[in-house]
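Visitor: Attaching a predicted model along with its sequence, questions to come.
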Amino acid sequence: MESTVAIVTGGSRGIGARIVHRLARAGHHVLLVYSRGDAEARATAERCAAETARVVPFKCHIAAPDGPELVFGQASRLGSTTVLVNNAGITGRISDLEAADEDDIQQVIDINLTATIMLCRQAMRLWLDAGDERPRCIVNVSSLAAKTGAPGEYVWYAAAKAGVDALTIGLAPEAAPYGIRVNAVSPGTTTTTIHAKAGRPNRAAEIGARSPMGRPATPDEIAAAVEWLVSSEASYVNGAILDVTGGAR
């Protein structure tokens, strides 16, 4: 059978890198989409070299007007795209809303929400025109912050991720008649570099220690949930937001 193609945004490090590896191991060619960190993107691709599937890094600003078209155009060079994982995300600096920078807020909304919507739209346009019955799926990576609101940290990020949840719930019944499943994974606090970039390098350990399981998640634990939603084992799962939070609410 022809290998299918999975697009993974924010795939160079953290949760995204583990998603890339798991999907490559499952047999998908992967377009690893990233915006910065050339060395990290190459290293992630090289770590997947033992897999039979290809992993190709592609540097792209997904929030640019032509970003979704460029991403899917590049993916088409690898084969037939059947999976879109919207993983790219940023939080901006931790602060109260009144102290937040306007440009940071806009960038967070552009990357986390607007780009996700537009990539989903591009997927729908292309897949509805494909004229075949291949099963296809979208997995959006949300956040527990969508439910907690992240007060005193980054409520704008939480609002963007709440939008991702709403997108997932709304698009799922639109897409289902065409054989397209749309789901989301909602991670709890996870040990990635996103916390240091937000200004609190120890945040994952601090928040994780207060969770029911007493620790933060690992990136691979989140990636495992994404891999399952992509797989045929989840063929009747649609419109779900899968919490991977260690019991945190």
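Guide: Here it is on my side, so go on. Numbering: from 1, shown residues only.

Visitor: what's the weakest-modelled helix or strand in the chain?
Guide: Within the chain, no helix or strand scores below helix 194-197, which has a mean of 86 by mean pLDDT, DSSP states H and E.

Visitor: Longest helix in this protein, please.
Guide: Taking DSSP state H as the criterion, the chain has its longest helix at helix 155-175.

Visitor: other SSEs contacting the least confident helix or strand of the chain?
Guide: Contact analysis of helix 194-197 by 3 or more Cβ pairs under 8 Å, 6 or more residues apart in numbering; DSSP states H and E lists no helix or strand as a packing neighbour. Any C-beta I mention is one placed from the backbone N, CA and C, and that applies to glycine too.

Visitor: Give me the distance between it and the centre of its chain.
Guide: The chain centre lies 17 Å from the centre of helix 194-197; the measure is Cα atoms, centre = their mean, to the nearest Å.

Visitor: Next secondary structure element downstream of that helix?
Guide: helix 203-209 (DSSP states H and E).

Visitor: ok, residues contacting that next one?
Guide: 94, 189-192, 195, 200, 214-217, 246 (Cβ atoms under 8 Å, 6 or more residues apart in numbering).

Visitor: Of these, select the buried ones using a ChimeraX command.
Guide: Burial among these is assessed by 16 or more other Cβ atoms under 10 Å; the matching ChimeraX selection reads:
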select :94,189,190,191,192,195,216,217,246
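
Visitor: hang on, the earlier thing: buried ones in the least confident helix or strand of the chain?
Guide: Buried residues in helix 194-197, counted by 16+ other Cβ under 10 Å: 194-195.

Visitor: Tabulate the CA atom coordinates of it in CSV.
Guide: This file holds the C-alpha atoms of helix 194-197, laid out as CSV (Å, rounded to 0.1, in the frame of the first residue of the first chain):
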residue,chain,number,x,y,z
ILE,A,194,7.3,26.3,26.5
HIS,A,195,7.5,27.1,30.2
ALA,A,196,11.0,28.6,30.0
LYS,A,197,9.9,30.6,27.0
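
Visitor: Spell out the residue ranges of the strands in this protein.
Guide: 4-9, 29-34, 55-59, 80-86, 136-141, 180-187, 241-244 (DSSP state E).

Visitor: what's the fourth one packed up against?
Guide: Read it as strand 80-86. Under the contact rule (3+ Cβ pairs under 8 Å, 6+ apart), strand 80-86 is packed against strand 4-9, helix 14-25, helix 115-128, strand 136-141, helix 219-230.

Visitor: Looking at these, spot the one closest to Phe58.
Guide: Between Phe58 and the helices and strands packed on strand 80-86, the tightest spacing by Cβ to Cβ is seen for strand 4-9, at 8.9 Å.
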